[in-house]
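Chemist: have a look at this prediction, sequence included:
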Amino acid sequence: MTEIPVKKSCDVEGCSKESKKTVSREKAGAAIKEAGLNLSVRDKVTKAHLCADHYRKIKKKLKKDREIDRLRWG
């Protein structure tokens, strides 16, 4: 028997849209705060589910952070 995937909603307070992207709360914490977003999830949750609109607000910051991390590898 196959399970039907549960559709998650966006974790930003006041948003009830369907989640399109999942980001690590640890890595995206600064980007989320800079965008002025408040998450409505508990502290023990490691992933934040974001709708397309809210992900678009933080993706440039996340890209810059990934580039810095890549420079540290090599």
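Modeler: All right, it came through fine. Numbers count the residues shown, from 1 in each chain.
Chemist: quick test: name the residue nearest the centre of this structure.
Modeler: residue 23 (3.6 Å; Cα atoms, centre = their mean).
Chemist: show me what counts as buried in the helix or strand of the chain with the lowest mean pLDDT.
Modeler: Least confident helix or strand of the chain, by mean pLDDT, DSSP states H and E, is helix 25-34 with a mean of 82. The neighbour-count check on helix 25-34 (16 or more other Cβ atoms under 10 Å) flags 25, 28, 31-32 as buried. Bear in mind the C-beta positions are built from the backbone N, C-alpha and C, glycine included.
Chemist: what's in contact with that helix?
Modeler: Helix 25-34 has contacts (Cβ atoms under 8 Å, 6 or more residues apart in numbering) with 39, 41, 45-48, 58, 61-62, 65.
Chemist: and the helix or strand following that helix, what's buried?
Modeler: Later in the chain than helix 25-34, the nearest helix or strand by DSSP states H and E is strand 47-50. Within strand 47-50, the residues that count as buried by 16+ other Cβ under 10 Å are 48-50.
Chemist: ok, now stretch 8-27?
Modeler: Buried residues in stretch 8-27 (16+ other Cβ under 10 Å): 10-12, 19, 21, 23, 25.
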